[in-house]
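**Q** Quick one, structure for this:
(chains A and B)
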Amino acid sequence: MIEDKLLIFRFKQGRNGALRQIYDKYKVELLKLSVVLTGDVNMAEDIVHDVFVKFAQSSERIRLTGSLKSYLVTSVINRIRNYRRDGARHCETSLEEVDLRSSSDRGPLQWAILGEQLALLSRALQGLPYEQREVISLHMEMDMTFRRIATLQNASLNTVKGRYRYGMEKLRSVLNGKVEYEIRR
Amino acid sequence: MRSADDIRRLFKNAELGIHPGADERVFEDVLKARQKMTENRPALPENMWRVIMKSPLTKLAVAAAVLIAGVIGLSLWRTTGSGIALAEVLARVEQVKAWRSTGSYTSTRQKASGKPGGFEARFTILGSQEYGFRLNGGVRDPNGGWIPLSEDYVSLQKKTFTSINTPEKKYVRVKLGDAGAQAQQKMFGPYGDPVAIIKGIMACKYENLGRSTINGVEVEGFHTTDPNCRSPLTVDLLKNQQLEVKLWVDVKTRLPVRSEGLTSGRDEGGNTISHHLVNNFEWDVPVTAADFDPPPVPDGYTVVNGLDDRDEETAIRGLKQCIELFGSYLFSAAQGEAETLLSAFQKSETPTALRLKEEVRGLTEKEKRNKLATAAWDVRRFMMFYRALFLDKKDPFYFGTFVTPKDTDKVLLRWKLSDSEYRVIFGDLHAETVSPEKLAELEAAVLDNPPGLLNEETAILGMKQCVGLVGNYLETIKYGEDAMGMLCWAYLKSETPAAKKMKELTGEQRSSSELDAEKPIFRLMWFYVRLVQDKKDPAYHGKTVTPKDADKVLMRWKVSDNEYRVIFGDLHAETVSPEKLAELEAALSK
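**A** Have a look, this model is predicted:
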C-alpha cells in the first residue's frame, strides 16, 4: 500500500509519529493473529510487543519496496514458531490450559481484551495441528493468498491447500453447533 | 456452521479491544527501543574509524571556537610572511619512508532528546609507505580513564588486515585484494596519514594563514572552510555542514607539525560537533616489516575471518552463486541482506535450492536462516562488495532486475575506476573496463528492453499519470527514496477521481492497483536516469510548473548542440534552440 510506503519513508527519516501510526495501524490485527495462533493471550501480547520493539530498531534495514503488513505478519509468525520450539513452550497447550479470558479480568497489565467470539475461535483453533491453524488464520484473518502462505511455510501450493481443507473440516466439526449460535445471536 | 464464509465471518467479527493504559506502556517500550538504538549508535563504537567516518556534526560555531581554544592551548602569533607551497610540503612528505603520529577525536553531541552525548577517542598510528599501517585506539570512559578499543594492522606486503577488538574480544583477520589493501590504506587517512591530509586540503579552496609558533617551532599555516572539502579530517554531513581544516607546517623542514579538522552539522539524532586533531609527528622513524605483523590471537578472543569487500572476484563469485541458488540475479544488491536472501530462496526451485530446502526441513527459523547465510556466503560477500562501492563513492549501479546470465552484452554491474574509466561486469559475468561514453551506450541497451522503451512518450505518460493520480506534477523525479516518498505523500493527500477510486479498494486489490498506477511514474524516473547517464543535460521543474502552464518548461533535455527537446506544463512538446530555452527557463524564476 502506498500509505505504508509513506509511513516507512517517514519512519526511516526518524519520525516517531510514523512509528506510532504504524503501531496503531497494525497492533490489533497482529494481536488477533497472535491470539488465534497461540491460544494464549499473554504469549500473544509478548510476541507482538517483541515484534514492534524489534521493528522500532530496524529502520536502517527496512526498504520502501515490499509490503509492511507482510513484513510484520512474517515477523509475528517467525516469533511464534520460535516460541513454540523453545523450552517449555514446545508442548502443545491443552484446551483447558489456555488463557483466553474474554473479559477484562486479567488485571491492569493486560493489553488485549478479547471479545467472546475471538476467545471461542481461538479455543477451537487450538484443536488443529499448528500448520493447519496457520494456513486458516493467515487466509481468513489476513486475507493472504495460498501462494503467499506456501512461500511463508516453505511448502508447495498443494500442501497448503490440503492443510486448509483438512483444517476447515476439523474446525467445522469443533465449532459445529456452538458458532451458529454465536454468530446469529 | 457450514460454509467457509461463516467461518470467515466469525474471524472478521471476532473482536479484540485494547486497554489504553497498557497500550501506552507498550508503545513507550517500542519508542524507548528506537531511542536507545539511535542514542547508543555513536556511544558504542564498534570500530573507531567507522565511527569517525560516519559521525554527524553540528554547526555550533561559538562552542567550536571555545573547544578549539581549550584543546589547543597554544600561543599562536601570525606574521605576514609566507613562502611555502603545499605542493612542496606534499613532495617532502612523500619522501618520508615511515612516520608516527598521535591524535584525538572529540565528538560532542546534543541529542534530539536534549541529553548530551558524544565521546572522546585518542589514537597512535605508525605508517610506512612500504610496509603498511598500525593503529592503536581507545576511548575515554565515564570516570576519565581510557578504555583500549582496538589495534588494527594493515600489512601491505602480506595484504592482510587484522583488527583486535578489545571490548568484544574479537580477532578479525581479512585477506585483502589490491583494491581492498588500497581501501584499508585510505581508511587510515583520518588518523594522521600526512599524504592524505595534504591532498585533501589541496583538493579544496584553501588559504595561507601566515606564520605562527607551536611549541617553539616556527610554522606556517594553511586552512580551508570550503564546504565541499573532503579532507580525511572532516566528516560527511547530512545538513548545515560547516567545516574548517588547518594544517601547520614546520618552516624549516617543510613537514607537518599539526593538523586539525572541525566539522559541525545536524542529523536526525541531533546537533554534533567534532574536533579531529593530529599532532606529535615523528618523521623517518626506523621500521621493519615485523612492526606491522599482528600479535598472535590473545587468550579468550574469538577469531573471525572477515571478508575483503573490495575484490572484483568476490562480486563475480557471489553473482555466480545467485544463479546456482536462486536461478536469477537478485532484484537488488542493496536491500537488507537476510530478507532479500530469504525471499529469493523461498521462491527458488533450482536443484541447489531444492537440496537446501530439504536439508533445512524441520529446523527452527533461526537455524534455517543460519544455514542459508552459510550456504549463500558468496552472495553475501557480493552484497558487501556493492555496499563498499557506495561507501567509496564509486558510482555503482546494479541492473539485476533486467539482466540474465544469457545477456553477454548487457551491463549487470558497473562502477567507476576513474573519470575516464568504468569497470563493468556483464550478464554472463565477464568483466571489462570501458569509457563513460561506451558505458552510456551499454546502459541504454539494458534500459531499452525489459522495462519497455524509455523515450519522450514514456515521460509524457508518466507525467499524465502523476496528474491523474495526485493532481499535479511531482516536485522531483530523481529516482530514489525521496521521490518515492513524495509520490506516496501526494497520493495520500490526493482527491483526484483515480486516487479516490483506488483508496476505496481494500487488501490485495488495492495493493495491485496501486502498483500498476506507480509503474508509469517509475518509468518516467528511469527515463530521467537515462538522460543523466547519457549526459543529455536534463532538467525538471515540477516544483514550479503545473498542468495549466502551457508555456512553461516542465522538462527538457539536449538533442544536439543546437537543439533541446522541451515538454511544457500542458504536456505538449517542442524542439527549441539553446537561446530560446534560456529565455523560457529565465521566465520560470520570475
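
**Q** okay, CA-based contacts and neighbour counts for the rest of this
**A** Will do.

**Q** what ranges do the strands span in chain A?
**A** Using DSSP state E, the strands found in chain A span residues A:112-114.

**Q** what bits of it have low per-residue confidence?
**A** A:1-3, A:13, A:60-66, A:86-109, A:177-185 (pLDDT under 70).

**Q** So for it, the centremost residue is which one?
**A** A:Leu33 (2.1 Å; C-alpha atoms, centre = their mean).

**Q** surely that residue meets A:Val135?
**A** No: applying C-alpha atoms under 8 Å as the test, A:Leu33 and A:Val135 come out as separate, 11.3 Å apart.

**Q** Might you report the residue contacts of the residue nearest to the centre of chain A?
**A** Each residue near A:Leu33 by C-alpha atoms under 8 Å, 6 or more residues apart in numbering or on different chains is listed here: A:Ser137, A:Leu138, A:Glu141, A:Met142.

**Q** and chain B, which of those residues contact it?
**A** A:Glu141 (C-alpha under 8 Å from any C-alpha of the partner chain).

**Q** Top of the contacts of A:Leu33 by number of neighbours, please.
**A** Among the contacts of A:Leu33, A:Ser137 has the most neighbours (other C-alpha atoms under 10 Å in any protein chain shown), with 23 neighbours.

**Q** That one and A:Met144, how far apart?
**A** 9 Å (C-alpha to C-alpha, to the nearest Å).

**Q** ditto for B:Glu24
**A** From B:Glu24 to A:Met144 the distance is 30 Å (C-alpha to C-alpha).

**Q** Also B:Pro578?
**A** 55 Å.

**Q** next helix or strand past the lowest-mean-pLDDT helix or strand in chain B?
**A** Lowest mean confidence among the helices and strands of chain B (mean pLDDT, DSSP states H and E): helix B:61-72, at a mean of 25. Downstream of helix B:61-72, the first helix or strand assigned by DSSP states H and E is helix B:86-94.

**Q** Quick one: mean pLDDT for that following helix?
**A** On average, the pLDDT along helix B:86-94 is 89.

**Q** helices or strands up against that helix?
**A** In terms of contacts (3 or more C-alpha pairs under 8 Å, 6 or more residues apart in numbering or on different chains; DSSP states H and E), helix B:86-94 is packed against helix B:194-202.

**Q** how about the top helix by length along chain A: buried residues?
**A** Ranked by number of residues, the top helix in chain A under DSSP state H is helix A:16-38. For helix A:16-38, burial by neighbour count (16 or more other C-alpha atoms under 10 Å in any protein chain shown) applies to A:16, A:18-20, A:22-23, A:26-38.

**Q** What of stretch B:83-93?
**A** B:Ile84, B:Leu86, B:Val89, B:Leu90, B:Val93.

**Q** List the residues that contact the last one.
**A** Applying C-alpha under 8 Å, 6+ apart to B:Val93 gives the contacts B:Pro194, B:Val195, B:Leu255.

**Q** can I get the residues you listed in TSV with pLDDT?
**A** Below are these laid out as TSV (pLDDT from 0 to 100):
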residue	pLDDT
B:Pro194	84
B:Val195	85
B:Leu255	93
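
**Q** Among the residues you listed, which one has the most neighbours?
**A** Neighbour tally across these (other C-alpha under 10 Å): the maximum, 27 neighbours, falls on B:Pro194.

**Q** sec struct for B:Lys406, please.
**A** coil (DSSP: H, G, I helix; E, B strand; the rest coil).

**Q** What about the nearest residue to it once chain neighbours are set aside, how many residues nearby?
**A** Of all residues not flanking B:Lys406 in the chain, B:Asp428 sits nearest, at 5.9 Å (C-alpha to C-alpha, 6 or more residues apart in numbering or on different chains). The tally of other residues near B:Asp428 (other C-alpha under 10 Å) stands at 19.

**Q** where's B:Asp428 relative to B:Leu319, distance?
**A** For B:Asp428, the distance to B:Leu319 - C-alpha to C-alpha - is 10 Å.

**Q** Repeat that for B:Glu514.
**A** 32 Å.

**Q** just B:Lys501 next, same as before
**A** Distance from B:Lys501 to B:Leu319, by C-alpha to C-alpha: 42 Å.

**Q** B:Ser101 now?
**A** For B:Ser101, the distance to B:Leu319 - C-alpha to C-alpha - is 42 Å.

**Q** Could you list the residues of the stretch 1-150 of chain B in contact with chain A?
**A** B:1-2, B:4, B:8, B:10-23, B:26-27, B:29-31, B:33-34, B:37.

**Q** Inside helices: which ones of those?
**A** Reading helices off the residues of the stretch 1-150 of chain B next to chain A with DSSP H, I get B:4, B:8, B:10-13, B:20-23, B:26-27, B:29-31, B:33-34, B:37.

**Q** In PyMOL, select just the buried ones from the residues you listed.
**A** Selecting the buried subset of those in PyMOL, with 16+ other C-alpha under 10 Å as the burial test, is done by:
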select buried, chain B and resi 8+10+11+23+26+27+29+30+31+33+34
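
**Q** So B:Phe345 sits against B:Gly327, correct?
**A** No: at 9.4 Å, B:Phe345 does not count as touching B:Gly327 under the criterion of C-alpha under 8 Å.

**Q** wouldn't B:Ala440 be in contact with B:Asp534 here?
**A** Yes: in this structure, B:Ala440 is within contact of B:Asp534 by C-alpha under 8 Å, at 5.4 Å.

**Q** What about A:Val174, how many residues nearby?
**A** Neighbours of A:Val174 using other C-alpha under 10 Å come to 18.

**Q** so what's it closest to, chain neighbours aside?
**A** Spatial nearest neighbour of A:Val174, chain neighbours left out: A:Ala124 (6.2 Å); criterion: C-alpha to C-alpha, 6+ apart.

**Q** got a list of what that neighbour touches?
**A** Here A:Ala124 is in contact with A:Leu171, A:Val174, A:Leu175 (C-alpha under 8 Å, 6+ apart).

**Q** any idea how far the first one is from A:Ile136?
**A** For A:Leu171, the distance to A:Ile136 under the criterion C-alpha to C-alpha works out to 10 Å.

**Q** ok, now the last one?
**A** Relative to A:Ile136, A:Leu175 is positioned 14 Å away (C-alpha to C-alpha).

**Q** neighbour-wise, which of these two wins?
**A** A:Ile136 (30 against 19).

**Q** now, which of the contacts of A:Ala124 lie within helices?
**A** A:Leu171, A:Val174, A:Leu175.

**Q** So which of those is the closest to B:Ala315?
**A** A:Leu171 (51.0 Å; C-alpha to C-alpha).

**Q** what number of residues lie near that closest one?
**A** For A:Leu171, using other C-alpha under 10 Å, the count is 22.

**Q** Then the one 5 residues further on?
**A** Residues within reach of A:Asn176, counting by other C-alpha under 10 Å, total 13.

**Q** B:Glu313 now?
**A** Other residues close to B:Glu313 by other C-alpha under 10 Å number 14.

**Q** repeat for B:Ser420
**A** Residues near B:Ser420, counting by other C-alpha under 10 Å: 11.
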